[in-house]
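*Asks:* Give me the fold of what follows.
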Amino acid sequence: MGIPDEDIVQVRASTDIVALISEYTPLKRVGRRFVALCPFHSEKSGSFSVNAEEGLYYCFGCQAKGDAISFLRAIEGCSFVEAVERLGAKAGISIRNDVDERDRKARDERKALYDAMDKAVAFYHDRLLAHPDAARARQYLRSRGFDSDTVRHFRLGWAPEGGNQLTRGITAPQAALTGAGLSIQGSYGLRDVFRGRLIFPIFQPDGQAIALGGRVVPGIGDGDGPKYRNSAENRIYQKRSTLYGLNFARQSIVHSGEVIVCEGYTDVIGFFRVGNPGAVATCGTALTEDHFKLLARFGRRIILAFDADGAGQNAAARFYEWEKRYEIEVAVAALPPGIDPGALAESDPEQLRAAVADAKSYLDFRVGRAIGAEDLKHPEGRARAAEAAVTMIAEHPSDLVRDQYVVMTADRTRMDTGRLRELLGDALKRQQQGARQDPKRGPARGTTPLDGGRNPAGDDEPPLRDEDAPPDDTAGGPRPSPSEPLRRPAKVTPGQRAGRDALALAIHEPAAMAGRLDEMLFADPLHRRGYMALAGADSLRDAIEQSDDEVADLLIQLANYDPQTEADQAIVALVRSVATEALGDLQAEAREAQVAGDDERLLRIAPTLFWLKSELEVFGDVGAGDQARREVVEAADRLLGWLRSRRGEGA
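*Replies:* Presented below is the predicted three-dimensional model:
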């Protein structure tokens with residue numbers, strides 16, 4: 001049952017894991033592998049490694065590991081089957097799948113929704129480009145500065161005014177049309193949800209269409225309906241975890257490390273038009289923790305391009321919490337009051353670019369706005385500015401950051417620093433008392449209303465509103481955790497280090513290690529099991545699949561580890577470690593014979609003991625000249641032969 005093994009093998013072999021992972025984090029070649037900042041946990045130095053030849057990745061920080069399939073599952077939160085099918089589709093491989101009836105039905109239903117949405121996007125896009133009834137929509141777009149390249153890039157569309165032209169114009173099951181939010185049941189049959197509207201398709205990060213946003217064009221269309229209409233949430237679309245434009249922006253975000261978050265679709269397009277392609281927008285809902293978590297996969301700096309001060313203390317607390325949790329810096333672009341990015345892109349593109357380039361930290365922006373709102377020429381204005389600034393400073397969780405802003409505020413308002421510190425202490429006490437009195441104060445966990453009860457959206461976007469939590473989607477099976485908790489590495493002994501390097505060389509340079517290893521050379525039991533797994537399998541992939549989790553983890557890790565030595569050095573280090581231990585055993589046996597007065601036994605041991613000491617004395621710096629190197633390697637070969645014969649004798 002399920003996907004045939006040969007299809008899975010073909011998908012793994014056909015997927016360029018470097019290209020796949022590069023969509024989420026920039027990879028840099030280092031030796032035989034690629035390294036990057038881990039997309040699964042926050043870090044400042046790259047501990048994420050990719051072995052392109054074996055198609056495996058491993059993070060030495062959080063122990064995330066696997067192949068292309070497991071990477072896509074972890075990063076996108078999809079099931080094994082969905083990951084295989086998505087990678088197969090990219091590689092042009094038709095995946096066979098023999099699942100039970102219930103799973104098949106669930107998967108077929110989701111596929112039907114995707115197919116219906118793809119057809120709708122194509123239908124509306126073609127309608128906008130060529131149909132006579134879209135002429136006024138095209139004229140409106142031109143008046144807003146949208147050229148044909150922009151329309152094609154974002155696949156904008158036009159929903160005709162007729163009641164069921166999409167429903168009749170595409171071939172899709174009725175359940176898929178209604179399930180995807182494209183059609184509704186009316187008195188006389190199915191009717192289109194979107195009529196007489198400019199269409200903004202919404203895509204998953206991988207480019208799969210999942211929803212639509214529609215805007216009435218002035219002078220035509222659905223004049224008696226709401227100005228904005230968006231797809232309702234369904235099995236393939238949840239607003240709280242979807243960002244408009246991320247499919248277009250993610251490559252820019254990955255390479256620049258920063259993302260611009262807007263409120264509206266036309267804002268995203270406006271940034272694109274002025275040369276900032278790394279912009280995204282929420283889809284008619286608040287900015288949520290799910291959005292932060294999603295963006296943390298691609299970049300580490302979030303620039304808010306909307307009224308970031310309208311949400312007040314509750315939003316600030318969430319932003320600071322998410323900054324710390326995901327190690328993301330939140331900044332704010334200082335846009336002119338009353339104008340959204342989409343409009344500014346038309347009227348003053350340079351000012352829009354400058355607003356992003358000069359973006360300030362979230363607290364700096366809020367404090368600056370609070371002080372700037374008062375007339376600092378008069379004592380009363382300076383006092384009000386200081387009080388407002390201190391209230392905002394108190395919201396920040398770091399006492400070091402708070403104190404620096406207190407000093408800055410004192411300078412700008414010409415107030416005494418000590419007095420402002422007293423005010424800060426009072427503000428912190430009030431916050432603590434308020435939290436104790438009402439521990440549930442503020443928005444539900446994971447959501448931050450940015451409108452403060454108002455509608456800060458620009459002219460081209462619907463009012464922001466919180467949505468109900470999306471339904472659980474269990475049809476795709478359990479979603480794997482991308483990584484295990486961070487672990488402090490144990491101290492590595494010389495023998496363990498030699499065993500690790502030897503195993504890594506056996507993976508990366510099997511020809512150089514062929515016939516030169518033996519299970520008795522590995523002092524670490526895990527390394528010994530790893531060697532046995534490799535020796536008993538036809539390939540690294542087979543060894544991984546046939547091993548238990550602990551050994552498989554080791555082999556994946558070593559596939560992404562650059563050995564710190566050459567083959568000869570690794571063999572010498574291993575043999576020296578084991579031979580030194582054997583020398584200790586012989587010396588102990590000789591002492592026992594001497595104490596027992598067993599001269600015959602002592603005479604039998606003495607030659608071997610003398611020979612073993614002599615051989616070990618040969619070991620030195622393996623790189624100290626070719627002759628010395630050959631002598632050391634030859635000594636290692638002799639010692640390995642002796643160790644094998646000793647094992648055969650049962651010694």
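*Asks:* Can I take it that Val330 is in a strand?
*Replies:* Yes - inclusion of Val330 in a strand is indicated when DSSP: H, G, I helix; E, B strand; the rest coil is applied.
*Asks:* Show me the shaky parts of the protein.
*Replies:* 1, 98-103, 221-224, 307-315, 434-492, 620-625, 648-651 (pLDDT under 70).
*Asks:* can I see the domain layout of it?
*Replies:* 1-99, 101-237, 242-469, 567-648 (automatic domain parsing).
*Asks:* quick one, which of those is nearest to Ala523?
*Replies:* Nearest to Ala523, of all the domains of the chain, is domain 567-648, at 6.4 Å by C-beta to C-beta. Where C-beta positions appear, they are placed from N, C-alpha and C, glycine not excepted.
*Asks:* just so I know, which of the domains of the chain lies nearest Ile544?
*Replies:* domain 1-99 (8.1 Å).
*Asks:* From Pro226, how far off is the most centrally placed residue in the chain?
*Replies:* Centroid-nearest residue in the chain: Arg297, 2.6 Å away (criterion: C-alpha atoms, centre = their mean). Separation of Arg297 from Pro226 (C-beta to C-beta, to the nearest Å) stands at 33 Å.
*Asks:* can you list the domains of the chain in a markdown table and add distance to Asp548?
*Replies:* Below are the domains of the chain laid out as a markdown table (distance: least, C-beta to C-beta, whole Å):
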| stretch | distance to Asp548 |
| --- | --- |
| domain 1-99 | 14 |
| domain 101-237 | 28 |
| domain 242-469 | 30 |
| domain 567-648 | 24 |
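*Asks:* among those, which is nearest Leu558?
*Replies:* Of those, nearest to Leu558 by C-beta to C-beta is domain 1-99, at 8.5 Å.
*Asks:* Just give me how far the strand or helix carrying Asp501 sits from the chain centre.
*Replies:* In this assignment (DSSP states H and E), Asp501 forms part of helix 494-508. Its chain's C-alpha centre and that of helix 494-508 lie 31 Å apart, by C-alpha atoms, centre = their mean, to the nearest Å.
*Asks:* pretty sure Thr171 belongs to a strand, no?
*Replies:* No - read with three-state DSSP, Thr171 is coil and lies in no strand.
*Asks:* Any figure for the gap between the residue nearest to it when sequence neighbours are not counted and Gly530?
*Replies:* Leaving aside its chain neighbours, Thr171 sits nearest to Lys119 (7.3 Å; criterion: C-beta to C-beta, 6 or more residues apart in numbering). For Lys119, the distance to Gly530 (C-beta to C-beta) stands at 51 Å.
*Asks:* quick one: which of these two has more around it?
*Replies:* Neighbours per residue (other C-beta atoms under 10 Å) separate Lys119 from Gly530, with Gly530 holding more: 27 against 20.
*Asks:* Nearest spatial neighbour of the more buried one, chain-adjacent residues omitted?
*Replies:* Closest to Gly530 by C-beta to C-beta, 6+ apart is Leu554, at 4.9 Å.
*Asks:* what do you get for Pro397?
*Replies:* In space, Pro397 is closest to Tyr320, 5.3 Å off (C-beta to C-beta, 6+ apart).
*Asks:* in what helix or strand does the one you found lie?
*Replies:* helix 312-326.
*Asks:* Dump that helix to PDB, restricted to CA.
*Replies:* Output of helix 312-326 as PDB, limited to C-alpha atoms (Å, rounded to 0.1, in the frame of the first residue of the first chain):
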ATOM      1  CA  GLY A 312      -0.500  49.700  21.300                       C
ATOM      2  CA  GLN A 313       0.900  47.700  24.200                       C
ATOM      3  CA  ASN A 314      -0.600  44.300  23.400                       C
ATOM      4  CA  ALA A 315       0.900  44.200  19.900                       C
ATOM      5  CA  ALA A 316       4.300  45.500  21.200                       C
ATOM      6  CA  ALA A 317       4.400  42.700  23.800                       C
ATOM      7  CA  ARG A 318       3.800  40.100  21.100                       C
ATOM      8  CA  PHE A 319       6.400  41.600  18.700                       C
ATOM      9  CA  TYR A 320       9.000  41.600  21.400                       C
ATOM     10  CA  GLU A 321       8.100  38.100  22.300                       C
ATOM     11  CA  TRP A 322       8.400  36.900  18.700                       C
ATOM     12  CA  GLU A 323      11.600  38.800  18.100                       C
ATOM     13  CA  LYS A 324      13.200  36.900  21.000                       C
ATOM     14  CA  ARG A 325      11.600  33.500  20.200                       C
ATOM     15  CA  TYR A 326      12.600  33.500  16.500                       C
END
